[in-house]
Structures are given as structure tokens and as C-alpha cells.
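need a 3D model of the sequence below.
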Amino acid sequence: MSALPDETLRKILVQIQQTAVQSQRSLNLTKQQSTAKERERRIVQLTISEISNVGCDVNLYKGVGKMFVMVPQKTMEQELRAQEKELTDEINSLNKKSKYLEKQFNDAQARLKDIVRVFHIITSVLYSSSP
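Have a look, this model is predicted:
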């Protein structure tokens, strides 16, 4: 550690800090996206359950722009199930990304703690050995 010039050590510390901050920001953003997708998926699931409870003779309408188009119940259910599957896949992907970012953040924090700990050891040895 002491063999590194002060400027190089400072650059390493800044880079590790930037990695930690960027990881934390990305982690927060990913968690927000995951929460939004989870809420959206829950709405789709509730819609599917409501449609399943409705009789076959009820007309279902789907919003298309400023209009509504009548859609058969089977078609509506298929579209909603496909949307639910897509949201589930996106949530799983976001969860994986979140785990990676958490690991990256924890690693950066551990590196910073190690550097600070070693720095304290070196300074205490230097000051204790001086007459």
C-alpha cells in the first residue's frame, strides 16, 4: 500500500467510491422499476380473475387509443396472460440485476473498508515507530 504514490492511491479510492455510489443509485432505480412492474402484474392478475368470473355472454372491450373495441373473452384472457408472463420475466430480470448491483456495492464498500483499515494500520505503525 505504501509503495503506491499518494495520487495513485487517491485515484483508486475515488474510483471505488464512484463505483459504490453508481451501484447504489442503480440498485435503487432497479428496485423502483421492480416494484412498479410487480404492481402492474398484480393489476393484470386481478383483471384475469375478474374476466374468468364473468359469464361468456358478457361483452368485453379493450381500449385502443380513444376508442374501445369489443374483444372475445378467450382473446382477452390470452393477451392478459401473455402480458403477465412478460411482466414476470421482466421482474425476474430486474431481481437478478438487483442482486448483481447489491454484490457490486457490497464489494466496493468492503474494498473501501479494507483500504481505510490498512491505512490506519500503516499510520499507527509509522507513528509508533518514530522516536
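
got the contact list for the residue positioned nearest the centre of the chain?
For the chain, Thr30 is the residue whose C-alpha lies nearest the centre (Cα atoms, centre = their mean; 2.4 Å). When contacts are counted by Cβ atoms under 8 Å, 6 or more residues apart in numbering, Thr30 touches 94, 97-98, 101. Every residue, glycine included, has its C-beta placed from N, CA and C.

in helices, which of those fall?
94, 97-98, 101 (DSSP state H).

closest one of those to Leu46?
Leu94 (21.0 Å; Cβ to Cβ).

from Leu13, how far off is the nearest residue to Phe68 once chain neighbours are set aside?
Spatially, and ignoring its direct neighbours in sequence, Phe68 is nearest to Tyr61 (4.1 Å; Cβ to Cβ, 6 or more residues apart in numbering). Relative to Leu13, Tyr61 is positioned 60 Å away (Cβ to Cβ, to the nearest Å).

could you give the separation of stretch 15-30 from the chain centroid?
11 Å (Cα atoms, centre = their mean, to the nearest Å).

CA atoms only: put it into PDB for me.
Provided in PDB are the C-alpha atoms of stretch 15-30 (Å, rounded to 0.1, in the frame of the first residue of the first chain):
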ATOM      1  CA  GLN A  15     -12.800   5.100  -8.500                       C
ATOM      2  CA  ILE A  16     -14.000   2.700  -5.800                       C
ATOM      3  CA  GLN A  17     -16.200   5.400  -4.200                       C
ATOM      4  CA  GLN A  18     -17.700   6.200  -7.600                       C
ATOM      5  CA  THR A  19     -18.400   2.500  -8.200                       C
ATOM      6  CA  ALA A  20     -20.200   2.300  -4.900                       C
ATOM      7  CA  VAL A  21     -22.300   5.400  -5.500                       C
ATOM      8  CA  GLN A  22     -23.200   4.300  -9.000                       C
ATOM      9  CA  SER A  23     -24.100   0.800  -7.800                       C
ATOM     10  CA  GLN A  24     -26.300   2.200  -5.100                       C
ATOM     11  CA  ARG A  25     -28.100   4.600  -7.500                       C
ATOM     12  CA  SER A  26     -28.600   1.800 -10.000                       C
ATOM     13  CA  LEU A  27     -29.800  -0.600  -7.200                       C
ATOM     14  CA  ASN A  28     -32.400   2.000  -6.000                       C
ATOM     15  CA  LEU A  29     -33.600   2.500  -9.600                       C
ATOM     16  CA  THR A  30     -33.900  -1.200 -10.300                       C
END
